[in-house]
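Structure for the following, please:
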Amino acid sequence: MKNLYKINDYHLHLGTSSSGATHTVEDLIAYMDKFNIERCGLSTINNVLTKPLNDIIAKCVAKYPDRIIGYGVINPREENAIYEVHRCLSELGLKGIKMHSWKHGYYPDNLKSLDAVIDAIKPYNVPILTHTGGTPLSMPSQWALVAEKHPKQIFVFAHIGMFNGGYSCVEYAKKLDNIYVDTSGQYELPILNKAIKELGSERILFGTDWPYKSAEAEMVKFNDLNLSEKDKEKIFRTNALKVWNLNK
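Residues are numbered from 1 along each chain as shown. Just a heads-up that it's a prediction; the model follows:
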């Protein structure tokens with residue numbers, strides 16, 4: 001798929017994957033250059049303690065400030081979670097938060113500490129990207145209950161709920177205008193079409209989930225969606241600028 005504009009990849013990762021493959025920030029930049037990606041939203045992968053992960057991302061942002069939007073990984077089960085929120089968004093200057101209830105082992109709709117963590121994030125006016133789908137720990141229905149309690153906080157539901165939560169993800173997002181979705185890893189064309197039709201192109205963000213997914217696979221699926229160039233530009237570029245607060 002050819003675009004007339006540079007792409008913003010809302011969702012990718014750095015570090016050592018579950019397969020054992022290691023990727024550096026230079027690998028990331030080379031990947032971005034190859035696929036005409038102007039900026040990316042970056043968090044780290046496969047570690048439990050969040051502080052060293054967030055330090056890695058801060059170093060990447062410092063090295064490539066015009067290419068990388070850094071997300072702080074927050075585990076609300078950690079004793080110092082609220083401190084880490086302030087450290088990430090104030091001291092480190094990161095521009096988003098990543099939560100992964102599956103990897104960190106909690107039910108988002110049944111974790112008392114989560115509300116206080118989100119309340120700490122709200123004043124910074126940054127989005128929360130959260131994994132949805134795959135396991136009973138990260139279903140769209142659970143995160144939708146959280147989003148409903150925090151209507152002034154922007155949430156981005158990664159993968160549009162994956163295969164087992166795709167349709168319900170769109171249904172929940174329809175009811176709550178503080179929910180956006182990212183397209184990474186969602187290959188069911190009926191789900192993608194439903195999201196575009198029922199949420200509108202304004203609430204959909206392009207992501208690749210690199211290095212778990214390939215940019216080719218994430219881009220080519222859009223060839224069968226019959227989108228206008230205006231809608232594609234929103235999904236591939238300008239919606240991310242809006243959510244990142246970079247379009248002012």
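
Report the buried residues of stretch 73-84.
Within stretch 73-84, the residues that count as buried by 16 or more other C-beta atoms under 10 Å are 73-76, 78, 81-82, 84. From N, CA and C alone the C-beta is placed, and that goes for glycine too.

repeat for stretch 90-98
By 16+ other C-beta under 10 Å, the buried positions in stretch 90-98 come out as 92, 94-98.

now the end-to-end length of it.
Counting by C-alpha to C-alpha, to the nearest Å, you get 16 Å between the two ends of stretch 90-98.

For residue 84, which residues are in contact?
Residues in contact with residue 84, defined by C-beta atoms under 8 Å, 6 or more residues apart in numbering, are 50-51, 54, 72, 74, 78.

which SS state does it fall under?
helix (DSSP: H, G, I helix; E, B strand; the rest coil).

Residues in contact with stretch 146-157: which ones?
Here stretch 146-157 makes contact (C-beta under 8 Å, 6+ apart) with 10-11, 108-109, 114-115, 118-119, 121-122, 126-130, 132, 140, 143, 169, 172-173, 176, 178-182, 205, 243.

Show the buried residues in these.
Counted by 16+ other C-beta under 10 Å, the contacts of stretch 146-157 give 10-11, 108-109, 114, 118, 121, 126-130, 132, 140, 143, 169, 172-173, 178-182, 205, 243 as buried.

can you tell me which of those residues are in strands?
10-11, 128-130, 179-182, 205 (DSSP state E).

Now the two most distant members of the residues you listed.
Across those, no pair lies farther apart than 11 and 179, at 14.9 Å, counting by C-beta to C-beta.

Okay, now the unreliable bits of the chain?
Applying pLDDT under 70 to the chain flags residues 1-5, 18, 46-47, 248.

the helices in it, which residues?
For the chain, the helices defined by DSSP state H occupy 25-34, 50-63, 81-86, 101-104, 112-121, 140-149, 162-175, 189-199, 215-220, 229-233, 239-243.

looking at those, which is buried most?
Here the criterion is mean neighbour count by mean count of other C-beta atoms under 10 Å, and of those the winner is helix 239-243, at a mean of 22.

gap between that helix and the chain center?
Taking C-alpha atoms, centre = their mean, to the nearest Å, one finds helix 239-243 lying 12 Å from the centre of the chain it belongs to.

what's the answer for stretch 200-217, then?
Once both centres are worked out by C-alpha atoms, centre = their mean, stretch 200-217 turns out to sit 9 Å from its chain's centre.

Give the buried residues for it.
For stretch 200-217, a neighbour-count test (16+ other C-beta under 10 Å) marks 201, 203-211, 213, 215 as buried.

Can I get it in CSV? Just the C-alpha atoms.
Output of stretch 200-217 as CSV, limited to C-alpha atoms (Å, rounded to 0.1, in the frame of the first residue of the first chain):
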residue,chain,number,x,y,z
GLY,A,200,-15.6,6.3,12.4
SER,A,201,-12.1,6.7,11.1
GLU,A,202,-11.4,9.4,13.7
ARG,A,203,-11.1,6.9,16.6
ILE,A,204,-8.9,4.3,14.9
LEU,A,205,-5.1,4.3,15.1
PHE,A,206,-2.6,2.4,13.0
GLY,A,207,-0.2,0.2,14.9
THR,A,208,2.1,-2.7,14.0
ASP,A,209,3.1,-4.2,17.4
TRP,A,210,6.6,-4.6,16.0
PRO,A,211,8.6,-6.8,16.4
TYR,A,212,5.8,-9.3,17.1
LYS,A,213,4.1,-8.4,13.8
SER,A,214,5.4,-7.2,10.4
ALA,A,215,4.6,-3.9,8.9
GLU,A,216,3.8,-5.5,5.6
ALA,A,217,1.0,-7.6,7.2
